[in-house]
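Enquirer: I'll drop the sequence and a predicted model, then ask my questions.
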4 protein chains.
Amino acid sequence: MTTMTTPRDGSGPERSEQHAARAVSDAQRAEIDEQRAASFTTRRATVEALEAVLYEPLPVLDHGFVRVIDYMGDDAAVVQAARVSYGRGTKRQRDDQGLINYLMRNWHTSPFEMCEIKLHVKLPIFVARQWIRHRTANVNEYSARYSILDNEFYIPAPEHIAVQSATNRQGRGDVLTQEDARRVQEILRDDALRSYAHYEELLNEGPDGEPRDPEAPSVARELARMNLSLNFYTQWYWKTDLHNLMHFLRLRADAHAQYEIRAYADVMADILERWAPMTHRAFTNYRLGSAQISKQGMEAVRRMLAGEQVTAKDVGMSTGEWRELTALLAQE
Amino acid sequence: MTTMTTPRDGSGPERSEQHAARAVSDAQRAEIDEQRAASFTTRRATVEALEAVLYEPLPVLDHGFVRVIDYMGDDAAVVQAARVSYGRGTKRQRDDQGLINYLMRNWHTSPFEMCEIKLHVKLPIFVARQWIRHRTANVNEYSARYSILDNEFYIPAPEHIAVQSATNRQGRGDVLTQEDARRVQEILRDDALRSYAHYEELLNEGPDGEPRDPEAPSVARELARMNLSLNFYTQWYWKTDLHNLMHFLRLRADAHAQYEIRAYADVMADILERWAPMTHRAFTNYRLGSAQISKQGMEAVRRMLAGEQVTAKDVGMSTGEWRELTALLAQE
Amino acid sequence: MTTMTTPRDGSGPERSEQHAARAVSDAQRAEIDEQRAASFTTRRATVEALEAVLYEPLPVLDHGFVRVIDYMGDDAAVVQAARVSYGRGTKRQRDDQGLINYLMRNWHTSPFEMCEIKLHVKLPIFVARQWIRHRTANVNEYSARYSILDNEFYIPAPEHIAVQSATNRQGRGDVLTQEDARRVQEILRDDALRSYAHYEELLNEGPDGEPRDPEAPSVARELARMNLSLNFYTQWYWKTDLHNLMHFLRLRADAHAQYEIRAYADVMADILERWAPMTHRAFTNYRLGSAQISKQGMEAVRRMLAGEQVTAKDVGMSTGEWRELTALLAQE
Amino acid sequence: MTTMTTPRDGSGPERSEQHAARAVSDAQRAEIDEQRAASFTTRRATVEALEAVLYEPLPVLDHGFVRVIDYMGDDAAVVQAARVSYGRGTKRQRDDQGLINYLMRNWHTSPFEMCEIKLHVKLPIFVARQWIRHRTANVNEYSARYSILDNEFYIPAPEHIAVQSATNRQGRGDVLTQEDARRVQEILRDDALRSYAHYEELLNEGPDGEPRDPEAPSVARELARMNLSLNFYTQWYWKTDLHNLMHFLRLRADAHAQYEIRAYADVMADILERWAPMTHRAFTNYRLGSAQISKQGMEAVRRMLAGEQVTAKDVGMSTGEWRELTALLAQE
């Protein structure tokens, strides 16, 4: 099931073309190719590594994708804005990385807001519902009041079908047996197929736009769609700035995020690396890989470093917090 | 089916209690009654007409509701903020209405942002997906990763089941015959019941939290939920300011909005009237009931008033725009 | 005094170079020229008319400017987002204009949010304070805590020095006599020069960073700046989307806006026309040149068209509103 | 100069009345007293400790204040929203604190957005310019286009007049000698008095609204104001939610913030403690007093705890970062 995993290796066209066969139609592929073939001259900041994948559907889950449609700015544009300068970035690359590190470390977020990216995303509705909670972004979603949704829905791969976690009330625990997983897939698939068949029956619309059954009514699209389940795919254009992209990644590329949205976040982290490698480096060091330790936690650390044996009680921490702290300090 | 219509008459407890039996459980009703029984002393701006319905579930659709949980400010607070004054409002009520009219007419929106309202809303997921597009609001939604959704879904009443509109590509046309409508309801109900039964089978969780079938796995909640259809009810706390509430109402209490979200907007317009009657009056006059006429449309109106016979062509308007303009000018 | 007017004619380099001598230093001019000389290849939507003025300081007021630093998207990108399409725009330009008109007319604002523009602006502090009230934008301002402000301040040209309006409590009335205007300019100039001289005395910092007076303290920059007056120039990077740019223009290119911010808005309206001419056309027709008429105003218009003699009293309008309505209907 | 420090002791009326004599006029004091005397009955969440200071000007700097005008919600409302519950909070207070700690620790910010506070603030313009950068808030500022500003400006107390920091490019270093500080105060005071005198001359408006000099023009307010310096006081109504209030405090109650805005943040932190003591406790522990340690910093800590002697080079940290880390670990 390799096509279901996200392309962490940053692989390009081959993988995505293989997947694209399932995620985009031939007509869509032709439109994409036409866009990729065009070329313009610009005075704007341009990033080759990102241009390389522009418009290309980067596969996610079984039918989803992320396509970079447009972008504004790069690492040097962050520096340029921080300095309110007349030219671009600094003279030496090393200084740019240093300034970006400084901005990231000290939560000077506004220079990162000066870069912008626009994505075309195809994703299951239940993922879209989590995603949309990030409000500082612009969205245009495919309208099922206006158009008809395709018969495409998400079925989790067996390795992602797990039981409710015993320790984390909103997570997954052990993976199911192959047999049990198949049964889950069957239920999801049968119900999705039935609900789509009824959706089509309600719409009662043939390929030519004429009723398939001339005796039956063609129920309004805005009504018929309510019969579809939350694993059907929708799609949208989504645009955000570099700061808010990192905020999204910090929450959604996290181990506590649901696997299905994390799969999108992982692809987007790769996009970030292509787009703004210095910012990506600082983000990895000062956000993703960093730790926030409470006042009491810091007291514990200081006393440990002074050679004391410290307990949760000594510094007034709860059992849960203490467990988190010791795990953090023991981590490899 | 009177209980399915929204309480445009502003009726209170009787109607909502009748509905509440269907929208809230006995335990929830008891919690609500307890809250309504409490009383405090405050120096804050207080609105009696809104206090009267505080916490009360105002019924919408077949199982939904809107409950006002809290509010900040009133009409006088708008005036107070516009004047950056040390005291409250003006001396005379008539002056307050005049200033509010002026602010509304001239798009001075910031004073209206100084009042805030918090609602608890129970609504079908497909309505929630339209609603959430209004980003300038705060939201806490019931989490189906963490908790189990109830077996409650929306089935449109026969008088709201209609065919796809022939003229408006995202609207409804004629209502179906009783027989056809029943068939639609059946499809929706059967599919919803089946998807919920499978949801429960996947969850495999009894009332005591133990597996119902000890041999079967209890699939993670975050996975099982994807089998539910878009007409299932969810709920959230939603908080916004007076300006953004009116922006919501302008778009969603509009004839072009889907009936199901309009049903919520209608109840919220009644809440606005209770809360800030002067603002509601100005809103009705300068927003809801107003017309925006294009540059070309204004030219047409001026020439008509001068006694000319004007055609769309004369002022460079499209047929669609001209139709809208003449309808507007003929309206009763 | 031609250089003080805004380049409504869309004029380019010549005018701006003449002004640039006063608004940017030689070193800054060199940096700008270097940026303008660079050229890259991109697959992104590119707009030639905007590329032509990229990085160029477009003069505003006596020392200010607007520079376009970057942009994302164009008219076709609005259409692309509205359709959530795989390719770009539509086949025929005429369809693009039609769809853009439709979106503008019906307040479908989200597709316009899919384009973004970044400006470098040099402006008096009192203008910056009005400007910043538009919150849906990203800003990086030159920091007077960190750096030293230049000795540049705004002195209004005689033709813009006017008395307090008798009818509009927040506007200007008649222009002053030449003599009186000169006296106003003198007061403003003298006070600005003195406050800057004291600012420098407090800073006590020579060109080499060493104290000018070794005996005196070098007061912290964040303190010394408080002695400067509100007509000193500051500068910032400012980035917003096409929808919010138009919202800014609707409020700030309006006759009720203060002249000094309107001067910036006028230049930005020219930029909009270069960037997205179809959107600019729709904006002019459905926003800038349109009229919003209240419920009561519409009643009056309908009755007038039916041949009635209508008075303010007949439709319950105030004298002020009636004056506005009749002026609107009489306008050429 | 005790009245210039912020009331960290949470003291109430006595202190503020003493100050109020300088910050508010008698007429304003009467309006405030009238508001404080009124009392209403409500079903809403009510916080006694905050009601106690409602409307009261809490003194800041030499003429500024913060007044709490209104609020919505309390600690229990955070819990209520997190649970999307029908009633309020939990049964036991201890559980509420535990849940609030959990939400704070895990950056579940949306429940904190469910509480709202509205302040009336009087502050120097240069502070207002830093403050307004927090965009997620609602603001109504006193308009100097429409009204005339009072002759009130900020003069820093001698103990706050310091030289430019040698180590921190945007901070203060050592305090000036008494004599030097007096000289700075004199410069600031003289220039402010002169600029206000010229402001009045330009306005040429007597107490009765008639020109003081019938021969001279009354220059438009929107123009005359540009002669005032950045230490003049302005005032505004400012409203934000609990989450964004904490975000403001995290940045502005910080040692790196300019003293003058920190003085406001300190008073607002006291207000937070009165309003939502559990949230204030969690905020102190998990935000204000917490430390964020980078990936490399965590590696250093782990190796130190394992008994290693670690250097900056060993973990790839810059000198500056290493200094910050060791300071953090040594802190009392």
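Expert: Thanks, I have the structure now. As the structure is a computational prediction, the values presented were derived from the model and not from experiment.

Enquirer: ramachandran coordinates for the residue in chain A sticking out farthest from the centre?
Expert: The centre of chain A is farthest from one residue, residue A:215, which by CA atoms, centre = their mean lies 44.9 Å away. Phi and psi for residue A:215, reported as degrees, to the nearest 10, are phi -80, psi -20.

Enquirer: close to chain C: what parts of the stretch 201-332 of chain A are there?
Expert: Residues of the stretch 201-332 of chain A found near chain C (CB under 8 Å from any CB of the partner chain) are A:235-237, A:239, A:241. Where C-beta positions appear, they are placed from N, C-alpha and C, glycine not excepted.

Enquirer: could you list which of these belong to strands?
Expert: With DSSP state E as the criterion, strands contain A:235-237, A:239, A:241 from among those.

Enquirer: which single one of those is nearest to chain D?
Expert: residue A:241 (12.9 Å; CB to the nearest CB).

Enquirer: the closest one and residue A:111 touch, don't they?
Expert: No. Residue A:241 lies out of contact with residue A:111 (CB atoms under 8 Å); the separation is 10.4 Å.

Enquirer: what pLDDT is listed against residue A:209?
Expert: On the pLDDT scale, residue A:209 is placed at 80.

Enquirer: for it, which three-state class applies?
Expert: With DSSP: H, G, I helix; E, B strand; the rest coil as the basis, residue A:209 sits in coil.

Enquirer: roughly how far does it sit from chain D?
Expert: 43 Å (CB to the nearest CB, to the nearest Å).

Enquirer: and if you look at residue A:257?
Expert: Counting by CB to the nearest CB - residue A:257 and chain D are separated by 12 Å.

Enquirer: wait, isn't that residue in contact with residue A:248?
Expert: No. Using CB under 8 Å, residue A:257 is not in contact with residue A:248; the gap is 10.2 Å.

Enquirer: need the residues of the stretch 201-332 of chain A next to chain C in JSON lines with pLDDT and neighbour count, can you?
Expert: Listed next are these as JSON lines, based on pLDDT from 0 to 100; neighbours: other CB atoms under 10 Å in any protein chain shown:
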{"residue": "A:235", "pLDDT": "97", "neighbour count": "21"}
{"residue": "A:236", "pLDDT": "97", "neighbour count": "21"}
{"residue": "A:237", "pLDDT": "97", "neighbour count": "27"}
{"residue": "A:239", "pLDDT": "98", "neighbour count": "28"}
{"residue": "A:241", "pLDDT": "98", "neighbour count": "24"}
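
Enquirer: format those as JSON lines; extra columns: distance to residue C:69.
Expert: Listed next are those as JSON lines, based on distance: CB to CB, whole Å:
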{"residue": "A:235", "distance to residue C:69": "31"}
{"residue": "A:236", "distance to residue C:69": "28"}
{"residue": "A:237", "distance to residue C:69": "23"}
{"residue": "A:239", "distance to residue C:69": "18"}
{"residue": "A:241", "distance to residue C:69": "14"}
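
Enquirer: of those, which pair is most distant in space?
Expert: By the measure CB to CB, A:235 and A:241 form the most distant pair in those, at 21.4 Å.

Enquirer: could you pull out the helices for chain A?
Expert: A:13-23, A:26-37, A:48-51, A:75-83, A:93-105, A:125-131, A:178-203, A:221-224, A:242-252, A:259-275, A:277-283, A:295-305, A:312-315, A:319-330 (DSSP state H).

Enquirer: can you list contacts of the last one?
Expert: So that's helix A:319-330. Applying CB atoms under 8 Å, 6 or more residues apart in numbering or on different chains, the contact partners of helix A:319-330 are A:291, A:293-294, A:296-297, A:300-301, A:304, A:311-312, A:317, D:105, D:298, D:301-302, D:305.

Enquirer: now list the buried members of those residues.
Expert: A:291, A:293-294, A:296-297, A:300-301, A:312, A:317, D:105, D:298, D:301-302 (16 or more other CB atoms under 10 Å in any protein chain shown).

Enquirer: is it true that residue A:72 touches residue C:115?
Expert: No. Counting by CB under 8 Å, residue A:72 stays clear of residue C:115, with 9.9 Å between them.

Enquirer: now for those two: what residues contact both?
Expert: Common contact partners of residue A:72 and residue C:115 (CB under 8 Å, 6+ apart): C:71-72.

Enquirer: between the two, who's got more neighbours?
Expert: A direct count of neighbours by other CB atoms under 10 Å in any protein chain shown for residue A:72 and residue C:115 places residue C:115 higher, at 31 against 26.

Enquirer: what is the burial count for the residue lying closest to the more buried one once chain neighbours are set aside?
Expert: Nearest non-adjacent residue to residue C:115, counting by CB to CB, 6 or more residues apart in numbering or on different chains: residue C:73, 3.4 Å away. For residue C:73, the neighbour count with other CB under 10 Å is 29.

Enquirer: likewise for the one 4 residues further on?
Expert: Residue C:77 is surrounded by 26 other residues when neighbours are defined as other CB under 10 Å.

Enquirer: just checking, it touches residue C:47?
Expert: No. Using CB under 8 Å, residue C:77 makes no contact with residue C:47, being 10.0 Å away.

Enquirer: looking at the stretch 51-200 of chain A, what residue ends up closest to chain C?
Expert: Counting by CB to the nearest CB, the stretch 51-200 of chain A gets nearest chain C through residue A:87, at 3.4 Å.

Enquirer: contact partners for that residue?
Expert: Residue A:87 touches A:80, C:31-32, C:34-35, counting by CB under 8 Å, 6+ apart.

Enquirer: end-to-end on stretch A:150-169?
Expert: This stretch, stretch A:150-169, spans 34 Å end to end (CA to CA, to the nearest Å).

Enquirer: so it, near chain B or not?
Expert: Yes. For stretch A:150-169, a contact with chain B is found by CB under 8 Å from any CB, at A:154, A:156, A:161-165, A:169.

Enquirer: just the buried residues of that stretch, please?
Expert: For stretch A:150-169, by 16+ other CB under 10 Å, it's A:152-156, A:158, A:160-164.

Enquirer: list of residues touching it?
Expert: A:1, A:4, A:61-64, A:124, A:171-176, A:178, A:180-182, A:184-185, A:188-189, A:192, A:196, A:229, A:231-233, A:256, A:259-260, B:146, B:203, B:205, B:217-221, B:223, B:226.

Enquirer: kindly recompute the last result at 7 Å.
Expert: A:1, A:4, A:61-63, A:124, A:171-176, A:178, A:181, A:184-185, A:188-189, A:192, A:196, A:231-233, A:259, B:146, B:217-221, B:223 (CB atoms under 7 Å, 6 or more residues apart in numbering or on different chains).

Enquirer: of the residues you listed, grab the buried ones for PyMOL.
Expert: If you want just the buried ones from the contacts of stretch A:150-169 in PyMOL, going by 16+ other CB under 10 Å, the selection is:
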select buried, (chain A and resi 4+61+62+63+124+171+172+176+181+184+188+192+196+231+232+233+259) or (chain B and resi 217+218+219+220+221+223)
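
Enquirer: kindly report the residues of the stretch 1-150 of chain A close to chain B.
Expert: A:124, A:126, A:132, A:135, A:143, A:145-146 (CB under 7 Å from any CB of the partner chain).

Enquirer: just the buried ones out of the residues you listed, please.
Expert: For the residues of the stretch 1-150 of chain A next to chain B, a neighbour count by 16+ other CB under 10 Å gives the buried set as A:124, A:126, A:132, A:143, A:145.

Enquirer: from memory the second one sits against residue B:226, does it?
Expert: Yes. Counting by CB atoms under 7 Å, residue B:226 is a contact partner of residue A:126 at 5.0 Å.

Enquirer: okay, and the common contacts of those two?
Expert: A:230-231.
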